[in-house]
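Engineer: with the sequence up front, the predicted model follows.
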Amino acid sequence: MTVAELKKSGLEILLHKKKGSAPVTQTPELDIVIFLSFILGTNKSFIMAHPEKDVSQIQAKLFFEAIDKRKEGLPVAYITRNREFWGLPFLVTPSVLIPKADTEILVERAIQILEIQKNLLPRPPQVLDICTGSGCIAIALKHTIPEIIVTATDISLDALYIAKKNSESLVNNQIVFIQGDLREGIPSIHGKWDLIVSNPPYVPSLVASELLEDGRNEPILALDGGEDGLDLVRALIPHAYASLATNGYILIETGEYNAQNAATYLKREGFVDIVIHTDLENQDRVVEGKKQ
Ligand code: GLN
C-alpha cells in the first residue's frame, strides 16, 4: 500500500460517524499525517510530499490500530505517546495530562521572572513545581535556564515515573522529584523557594466528568478540582506563601471561570502585585502573586 491509499482509507474510517454523534476529531487529515510520520519515522512534510511512498504491511497494521484508537476518542498524543511542549518532545501516557499550549503562557512568565532573579540573587534561583504531571513546566524551565535548581512534586507515582523519564531524556535528569499530597504540605528548603509554579487540577467536578465522557481518557485526578475547581488552589496558597522567600513569586494555572477567585485568594493570603495573565484565546489563565 502507499501513503495516499492509507490516507484515503484512514479518512473514511475517521469521518464515518454514527447518526447524530459529533465527529471524534476536528482534524482528521492532520491526525493521519501525524500517525504516518510517526510510524514511518519521518517528519510531517515528508508524508505530505510523498503520497507514492510504499508502506509495509506491518506499518499499515500499526496505522489502522492507531486510527481505531482515535476513532474511540483517544487523543493523538496518547496514541503516539508523544506531545511537543515548549519545542521539546515529551513522553505522555494516560497517567499524565497532555501538555497544552495554554500552559506555555505560565512558562513564558516564569522565564521572565527567573531571568530577573538570576541577576539579582547571590545564588541560582530555586524553583518548585507542584502537580508536575508529565514534568512539562519544570523541564521547560530547566531546559531554558540551566542554572536554576528545580524540584517537582506530584501525588501520583505513575505521573512521577513519566516526569522522571522526560527529565532523563530532556534535561539530563537534573530535576529532583518528590511524591506528595499538597494538601498535607509542600517541600520546604532552608533558603526558601524563589518561584513556585503549579498547574493543579482546577476543573469543577461536574465539568471534569463531562469532559472525560468523550473518551479522551485524561486522568481525572489531574483535572478534578472539587465543586468550584479551586480546592487544590485554596490548599496550595497558604503553604506556598509560607515557604516562598521574600520577593518570591507564585504562578498558578487556573480555569477562565475561576481565575478571578484564585486571584482573590492570593490577595487574601498576603500576596501583592497580583496579575492575571490571559492565554492565546484571551481567556484568564494564569494568576501571579509576589511575596513582599
Ligand atoms: N484546561 C486543562 C485541560 O483541559 C485543565 C487542566 C487542569 O485541570 N490543570 O487539560
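Structural biologist: It's in.

Engineer: first to last residue in stretch 276-287, what's the distance?
Structural biologist: For stretch 276-287, the first-to-last residue distance is 5 Å (Cα to Cα, to the nearest Å).

Engineer: likewise stretch 126-139?
Structural biologist: First-to-last residue span, stretch 126-139, Cα to Cα: 14 Å.

Engineer: in this structure S243 contacts H190, no?
Structural biologist: No - the criterion here is Cβ atoms under 8 Å, and S243 misses it with H190 at 10.7 Å. Quick note: C-beta positions are derived from backbone N, CA and C, even for glycine.

Engineer: the more surrounded of the two?
Structural biologist: With neighbours defined as other Cβ atoms under 10 Å, S243 and H190 compare such that S243 has more, 18 against 4.

Engineer: quick one, what contacts the more buried one?
Structural biologist: If you count contacts by Cβ atoms under 8 Å, 6 or more residues apart in numbering, S243 has them with 128, 186-189, 192-193, 196.

Engineer: and those as JSON lines, adding pLDDT, distance to the ligand and secondary structure?
Structural biologist: JSON lines is the format used below for those (pLDDT from 0 to 100; distance: Cβ to the nearest ligand atom, whole Å; DSSP: H, G, I helix; E, B strand; the rest coil):
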{"residue": "L128", "pLDDT": "98", "distance to the ligand": "17", "secondary structure": "strand"}
{"residue": "I186", "pLDDT": "95", "distance to the ligand": "17", "secondary structure": "coil"}
{"residue": "P187", "pLDDT": "93", "distance to the ligand": "20", "secondary structure": "coil"}
{"residue": "S188", "pLDDT": "88", "distance to the ligand": "23", "secondary structure": "coil"}
{"residue": "I189", "pLDDT": "78", "distance to the ligand": "25", "secondary structure": "coil"}
{"residue": "K192", "pLDDT": "92", "distance to the ligand": "25", "secondary structure": "coil"}
{"residue": "W193", "pLDDT": "97", "distance to the ligand": "20", "secondary structure": "strand"}
{"residue": "I196", "pLDDT": "98", "distance to the ligand": "15", "secondary structure": "strand"}
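
Engineer: ok, and the most crowded of those residues?
Structural biologist: The residue in those with the most neighbours, by other Cβ under 10 Å, is L128 (29 neighbours).

Engineer: so what's that residue up against?
Structural biologist: Shown in contact with L128 (Cβ under 8 Å, 6+ apart): 150-153, 186-187, 193, 195-197, 243.

Engineer: tell me which helix or strand comes right after the helix or strand of the chain with the lowest mean pLDDT.
Structural biologist: The least trusted helix or strand in the chain, going by mean pLDDT, DSSP states H and E, turns out to be helix 205-211, with a mean of 92. Using DSSP states H and E, the helix or strand that follows helix 205-211 in sequence is helix 231-243.

Engineer: quick one: distance of that next one to the chain centre.
Structural biologist: 20 Å (Cα atoms, centre = their mean, to the nearest Å).
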